[in-house]
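Engineer: what follows is a protein structure lacking sequence information:
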């Protein structure tokens, strides 16, 4: 079920989860990823175990408004990233970004360090592969274990990021995992 609250309510949920060291997985869904959900069993399983599923697409909002006369806030991956980085900065947490290239992650790390001085940040650029095998998953699990962070952001593409986060984080100590 898609999260129907607003960003203020989401921030309270995330802050509470961080304070309690509660494990939480967040994913975003849009019409394209919903089509993937209908075809890909691994992705379907990863979405179904997601604790907070955010509507990141005007398509879902339009359908809900038309069919069910309901409206709810669109909360994007960027929105949840900003909320989580603000909380991490206030709480002086450790954050990991997984995805993209070393070069892009270096720029991202620099920008985060400038804007959020209280965050400790680490990055990991997984190989560009069609799907992640046991060796890649083991490498990421080992990295996460070594880094012992509070928040993990997966910034790949759907369904890769959701399937990977489910495969590597289910047995880890990270409190909040966000597929953005």
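Structural biologist: Looks like it came in fine. Remember, it's a predicted structure, so these values are computed and weren't measured experimentally.

Engineer: for the protein, give me the ranges with low pLDDT.
Structural biologist: For the chain, the stretches with pLDDT under 70 are 57, 60, 63-64, 68, 72, 171-172, 174.

Engineer: all strands of it, in order?
Structural biologist: 24-29, 52-55, 94-98, 120-124, 151-154, 176-179 (DSSP state E).

Engineer: would you list those strands in a markdown table and tack on mean neighbour count and distance to residue 7?
Structural biologist: C-beta coordinates here come from the backbone N, C-alpha and C atoms, glycine included. Below are these laid out as a markdown table (neighbours: other C-beta atoms under 10 Å; distance: least, C-beta to C-beta, whole Å):
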| stretch | mean neighbour count | distance to residue 7 |
| --- | --- | --- |
| strand 24-29 | 24 | 13 |
| strand 52-55 | 21 | 10 |
| strand 94-98 | 22 | 19 |
| strand 120-124 | 19 | 23 |
| strand 151-154 | 26 | 17 |
| strand 176-179 | 28 | 14 |
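
Engineer: what about the residue nearest to residue 125 when sequence neighbours are not counted, how many neighbours?
Structural biologist: In space, residue 125 comes closest to residue 102 once its chain neighbours are excluded; the distance is 4.8 Å by C-beta to C-beta, 6 or more residues apart in numbering. Residue crowding around residue 102 was assessed by other C-beta atoms under 10 Å; the count is 9.

Engineer: going forward, the N-terminal residue is numbered 49.
Structural biologist: New numbering, starting at 49: the last item is residue 150.

Engineer: next one: residue 150 from residue 174, what distance?
Structural biologist: 11 Å (C-beta to C-beta, to the nearest Å).

Engineer: ditto for residue 203
Structural biologist: For residue 203, the distance to residue 174 - C-beta to C-beta - is 11 Å.

Engineer: give the full set of residues in contact with residue 59.
Structural biologist: 131, 134, 135 (C-beta atoms under 8 Å, 6 or more residues apart in numbering).

Engineer: same question, residue 210
Structural biologist: Going by C-beta under 8 Å, 6+ apart, residue 210 touches 75, 91, 94, 95, 98, 202, 227.

Engineer: list the contacts for the third one?
Structural biologist: Residues in contact with residue 94, defined by C-beta under 8 Å, 6+ apart, are 75, 207, 210, 211, 213, 214.

Engineer: was I right about the first one contacting residue 102?
Structural biologist: Going back to what we said before, that points to residue 75. Yes: counting by C-beta atoms under 8 Å, residue 75 touches residue 102, with 7.1 Å between them.

Engineer: rewinding a little: who touches both of residue 203 and residue 174?
Structural biologist: What both residue 203 and residue 174 touch, as defined by C-beta under 8 Å, 6+ apart, is the set 146, 147.
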